[in-house]
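K.L.:
show me how the following folds:
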Amino acid sequence: MLRLSIRATVLFLAIVAYANATGWSKCSKSCGGGTQKNILCHKGGHCVSRRKCNTVPCAKWGKWQTCTQSCGGGHRVKVEKCASMNIDKCPKTYGQCNTHECDPVGQCPPRYQYRYKDTSSCCKISTEICGRASYRSGRIIGGEIAVQGQWPWAAALVQYRFLPFCGGSLIQKRWVITAAQCIANPRAGASVLLGSVTILKPVAGHQFIEIDEYLTHSEYVFPHNDIGLIKLKTDAVYTEFVKPVCLPSGEVVPVDATCRTIGWGRASRYSRSNELNEARVKVFPLDTCIRGMHSVNIYNYDNIDASHICAGSLAADPAMCDGDSGSALICQRCSSCGWYLAGIASGNSGRCAVANVPDVFTNVYYFENMIRRMTRSLRMSRYTC
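P.N.:
Predicted coordinates for the structure are as follows:
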């Protein structure tokens, strides 16, 4: 029988008592990353083991965090305490902040110009064939009527040449991209209108083109994979008012980016627009849309992911509405003034222009390889922010 000295026995019992009584010690911090200690017996001796704990960032519960932008419109978050005390799981409220315009930059250097309707930033004039407007400026709810030629890729999906039901974007002479929900059940008498900002009385030079084929994503189940392609029966003729928009080519739209939505949907809650409308929108974290939809008892957006974009306004201003599905969310490149198709209008609150409920768009970047494969288009230069 092994006999221990009195001193060894006391030390052994003390270690066991400590470990049994406390296990890991109390974390040194309640948030932001602390440490815990534990005394363990190892090969007849003892050692002190440490581990990290409470690594969740500290939150000022119930108080607005710092705005993400100093001007031009950013967002901020307020987290309410909950049982888990986990900043990622407790209820959040999102708000816009510092929405005042940034200071003007003065004269832009040669081969540069101001960003669209923004004198606080200059961008390099694009050399891409796509994404270039014919009109240069120094009915989406709360939006403004678009100028002829500003968005030459804007397509209206119409029945019998006068009833718009969805939007789309021209990406090649023979291809228009839209939302799968717009073409999953093809409509009789449907065609595509290009080159006009009005529908009932299209401007001179407009093009009505019949549809040859509808292609929807094979795994479309709303709101996932809400993307589709329309193959035209004849090529669109490129003119001053009919041009393609660029695909992202690797560019990911960042949170807080200022972009534009264009669409043919309702210009108010009660009337459908005959004119193409545009609206200035901001890009938000996806959670903003999830929690916003919850506030109006809509829960089918809970699993939106990187294949979606959340954009709009947290005020009851510009919003997508009935008839805007399939329309474009377009952004200027970080490296130039060129426009690319960042998103396709997919979902909204169903009430149009509701405060704190931005809109959900299909993220074109996520599906670009599929688009290029189906349209047999070559990948151009890659762009990043």
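
K.L.:
right, and G326 touches L157 too?
P.N.:
Yes: contact criterion CB atoms under 8 Å: G326 and L157 qualify, at 6.7 Å. Placement of C-beta: from N, CA and C, glycine included.

K.L.:
more crowded one of these two?
P.N.:
G326 (32 against 27; other CB atoms under 10 Å).

K.L.:
show me what contacts L276?
P.N.:
R139, I145, A146, W151, A154, A156, V197, T198, I262, G263, W264 (CB atoms under 8 Å, 6 or more residues apart in numbering).

K.L.:
cool, and C310?
P.N.:
By CB under 8 Å, 6+ apart, the contact list for C310 reads V283, F284, P285, L286, D287, T288, C289, I304, P358, D359, V360, F361.

K.L.:
and which of those residues is nearest to S169?
P.N.:
Looking at these and their distance to S169, the nearest is F361, at 12.1 Å (CB to CB).

K.L.:
list the strands paired with the strand or helix carrying that closest one, with their directions.
P.N.:
Assigned by DSSP states H and E, F361 belongs to strand 359-363. Pairing partners of strand 359-363, with direction, according to DSSP bridges: strand 308-312 (antiparallel), strand 339-347 (antiparallel).

K.L.:
show me how far the longest one is from its chain's centre.
P.N.:
Computed by CA atoms, centre = their mean, to the nearest Å, the chain-centroid distance of strand 339-347 equals 8 Å.

K.L.:
before we move on, back to that, any idea of the mean pLDDT for the strand holding F361?
P.N.:
Strand 359-363 shows a mean pLDDT of 96.

K.L.:
for that strand, output the C-alpha coordinates as CSV.
P.N.:
C-alpha atoms of strand 359-363 as CSV (Å, rounded to 0.1, in the frame of the first residue of the first chain):
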residue,chain,number,x,y,z
ASP,A,359,-35.9,45.6,-49.0
VAL,A,360,-34.3,42.3,-49.9
PHE,A,361,-32.4,41.9,-53.2
THR,A,362,-30.9,38.8,-54.9
ASN,A,363,-27.1,39.3,-54.8
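
K.L.:
would you mind pulling the contact partners of it?
P.N.:
Residues from elsewhere that reach strand 359-363, judged by CB under 8 Å, 6+ apart: 179, 223, 225-227, 261, 281, 289, 301, 304, 306-312, 319-320, 329, 342-348.

K.L.:
so of the contacts of L276, which ones are in strands?
P.N.:
In strands, judged by DSSP state E, the following of the contacts of L276 are found: I145, A154, A156, I262, G263.

K.L.:
surely the second one and A328 touch.
P.N.:
In other words, A154. Yes: A154 lies in contact with A328 (CB under 8 Å); the separation is 7.0 Å.

K.L.:
got any residues that touch both of the two?
P.N.:
Counting by CB under 8 Å, 6+ apart, the residues touching both A154 and A328 are G167, S169, I262.

K.L.:
list the contacts of the closest residue to C123 other than its chain neighbours.
P.N.:
In this structure, C123 finds its nearest non-sequential neighbour in C337, 4.1 Å apart by CB to CB, 6 or more residues apart in numbering. Neighbour list for C337: Q113, R115, Y116, C123, K124, I125, S126 [criterion: CB under 8 Å, 6+ apart].

K.L.:
repeat the analysis, applying 6 Å as the threshold.
P.N.:
C123, I125, S126 (CB atoms under 6 Å, 6 or more residues apart in numbering).

K.L.:
quick check: the last one vs T66, distance?
P.N.:
When distances are taken as CB to CB, to the nearest Å, S126 and T66 turn out to be 34 Å apart.

K.L.:
okay, those two: which has more neighbours?
P.N.:
S126 (20 against 10).

K.L.:
helix or strand right after the helix or strand that P164 is a member of?
P.N.:
Assigned by DSSP H and E, P164 falls within strand 163-172. Per DSSP H and E, the first helix or strand lying C-terminal to strand 163-172 is strand 175-178.

K.L.:
A154 and A328: which is more packed in?
P.N.:
A328 (32 against 27).

K.L.:
give me the nearest residue to that one, chain neighbours excluded.
P.N.:
Among residues not flanking A328 along the chain, S169 sits closest, at 4.6 Å (CB to CB, 6+ apart).

K.L.:
check D103 too.
P.N.:
Spatial nearest neighbour of D103, chain neighbours left out: S120 (6.2 Å); criterion: CB to CB, 6+ apart.

K.L.:
which residues touch that neighbour?
P.N.:
For S120, the contact set (CB under 6 Å, 6+ apart) comprises C102, P104, V105.
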